[in-house]
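> could you look at this predicted model? Sequence included:
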Amino acid sequence: LNERLVCCLFVIDQSLSLPLLIRVSLKKGKSLRQNLKEHGLLEDFLKKHPYNVASKYFPSLANDYASEPLTNYMDVDYYGTISIGTPAQDFTVIFDTGSSNLWVPSVYCSSTACSNHNKFNPSDSSTYQATSQSLSIQYGTGSMTGILAYDTVQVGGIVDTKQIFGLSETEPGSTFYYAPFDGILGLAFPSIASSGATPVFDNMMNEGLVSQDLFSVYLSSNGQSGSFVMFGGIDSSYYSGSLNWIPLSSETYWEITMDSVTMNGQTIACSGGCQAIIDTGTSLLAGPSTGISSINSYIGASDGTVRISCSDMSSLPNIVFTINGIEFPVPGEAQIHKGSSLGESGSCTSGFESIDVGGLWILGDVFIRQYYVVFDRANNQVALANVA
């Protein structure tokens, strides 16, 4: 009887440690920009804190006024829930392939920005392990500062029992009281992680917690539900045709080489090739000002405010991004935002913005919504397939 009991317990224990394939639902909600607008704060905020998408990837290039730690996430509206500690404390985070650290607000943060968000309390967790390490993540000339610690982090059904993460102590800028998320869960490479912290997905791989060393993303174009990040696998029911694999050109961000950007068969940008980052933490599609100006001119958003009539969406031509010899079009209805921040009826805004950093392009949610994207760490590649 004892032998049979031991055998049974062994089988149960083995089943509990099997690698997992987990889907984490993402909710599409209001962006920070929308919340600021509703509270009458957007215009004043943009005057005091000019938006510079470059500061996320190259903080030293940001202007002197970009001192807000979350400015780069102004328009992101896809969020998911994770838990930290024992018992679990829940947080709403951006799953961001354009950064590598996990951080959330803490009870040690007295900044106004922290007061309206869930805050991690180490005293309430029996599995919390303090460190002597500090954390400072630069965003422009400002920063999020805090401390690093270890605790159990649960992402979907994956339980990571010793994950290093940041607890913010300062988050400059009272405006981020209105941010619809608590923190950031970075999914880029460890080489760009602040303070050398091991990213969450790296820990999952190292501990054998995922069935494959990859994750995939689906962002729904319609409604508030349906979007997800899948850790450890690929769901073929969400795409049509085949996956098109593209090698990475850098193991920092999810960076690839793009061949060209064309419209109506004519090259309008990226002539001769350029670099692009696939970034779930950037809502728009960004590129060099010359190329973006050409695109905005073609789609009728060339008046300096990137306004365009919402009724023009269906008549806009595809903008085609050729990557690894394969064409990936972005259709007209995906090129503009219906939720205009300009407050004018029937007026939408362009989904393209300028970033002048060595010809770099950022393929944000405007692009990602058109494709099922696989981020493959085992082979340092990404895959794109048309959404079903």
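Alright, I've got the coordinates.
> A276 versus the residue nearest to C274 when sequence neighbours are not counted, what's the distance?
Counting by C-beta to C-beta, 6 or more residues apart in numbering, C274 lies nearest to G359, which is 4.7 Å off, once chain neighbours are set aside. C-beta here means a position set from N, CA and C on the backbone, and glycine is covered the same way. As for G359, its distance to A276 is 10 Å (criterion: C-beta to C-beta, to the nearest Å).
> those two: who's more crowded?
A276 (26 against 18; other C-beta atoms under 10 Å).
> so which strand or helix has the more buried one?
Using DSSP states H and E, A276 falls within strand 274-278.
> next, the buried residues of the strand or helix carrying N203.
Applying DSSP H and E as the criterion places N203 in helix 200-206. Within helix 200-206, the residues that qualify as buried are V200, F201, D202, N203, M204, M205, counting by 16 or more other C-beta atoms under 10 Å.
> those residues into JSON lines, with extra columns for distance to G332 and pLDDT?
Converted to JSON lines, the buried residues of helix 200-206 look like this (distance: C-beta to C-beta, whole Å; pLDDT from 0 to 100):
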{"residue": "V200", "distance to G332": "37", "pLDDT": "98"}
{"residue": "F201", "distance to G332": "35", "pLDDT": "98"}
{"residue": "D202", "distance to G332": "39", "pLDDT": "98"}
{"residue": "N203", "distance to G332": "42", "pLDDT": "97"}
{"residue": "M204", "distance to G332": "39", "pLDDT": "96"}
{"residue": "M205", "distance to G332": "39", "pLDDT": "97"}
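> what is the strand holding A276 packed up against?
Helices and strands touching strand 274-278, as assessed by 3 or more C-beta pairs under 8 Å, 6 or more residues apart in numbering; DSSP states H and E, comprise strand 254-263, strand 361-363.
> partner strands of the shortest one, with direction?
In this case it means strand 361-363. Next to strand 361-363 in the sheet, as set by DSSP bridges, lie strand 274-278 (parallel), strand 285-287 (antiparallel).
> average pLDDT for it?
The average pLDDT within strand 361-363 is 95.
> now do that strand: distance to the chain's middle.
12 Å (C-alpha atoms, centre = their mean, to the nearest Å).
> one more: stretch 26-41?
Chain-centre distance of stretch 26-41: 17 Å, with C-alpha atoms, centre = their mean.
> for P50, give me the pLDDT.
At P50, pLDDT is 56.
> again with the one 5 residues further on
Reported pLDDT at S55 in the predicted model: 60.
> ok, now the one 3 residues further on?
Here the pLDDT value assigned to F58 is 60.
> N116 contacts P180, correct?
No: checked against C-beta atoms under 8 Å, the pair N116 and P180 is beyond contact range at 10.0 Å.
> so for those two, which sits in the more crowded spot?
P180 (18 against 12).
> list the residues that contact the residue lying closest to N264 once chain neighbours are set aside.
Spatial nearest neighbour of N264, excluding adjacent residues (C-beta to C-beta, 6+ apart): P317 at 5.4 Å. Contact partners of P317, counting by C-beta atoms under 8 Å, 6 or more residues apart in numbering, are M263, N264, Y298, G332.
> does N101 touch T198 like I think?
No: in this structure, N101 is not within contact of T198 by C-beta under 8 Å, at 9.8 Å.
> just want to know which of these two has more residues nearby.
When N101 and T198 are compared on other C-beta under 10 Å, the one with more neighbours turns out to be N101, at 25 against 17.
> how much space between that one and S83?
18 Å.
> which stretches of the stretch 151-300 of the chain form strands?
All strands of the stretch 151-300 of the chain, identified by DSSP state E, counting those that start in this stretch, fall at 158-170, 183-186, 214-218, 227-231, 244-247, 250-251, 254-263, 266-269, 274-278, 285-287.
> which of those strands sits most buried?
When the strands of the stretch 151-300 of the chain are scored by mean count of other C-beta atoms under 10 Å, the highest mean neighbour count falls to strand 285-287 (a mean of 28).
> look up the closest residue to G287, ignoring the ones flanking it.
G287 sits nearest to W361 (C-beta to C-beta, 6+ apart), 4.3 Å away.
> number of residues surrounding that neighbour?
Neighbour count of W361, defined by other C-beta under 10 Å: 26.
> what does the one 10 residues further on give?
One way to gauge burial is a neighbour count; for Y371, by other C-beta under 10 Å, it gives 23.
> ok, for it, nearest residue in space, not its chain neighbours?
L384 (4.4 Å).
> residues in contact with the one you found?
Taking C-beta under 8 Å, 6+ apart, we find L384 in contact with L243, N244, I246, I323, I326, F328, Y371, Y372, V373, V374.
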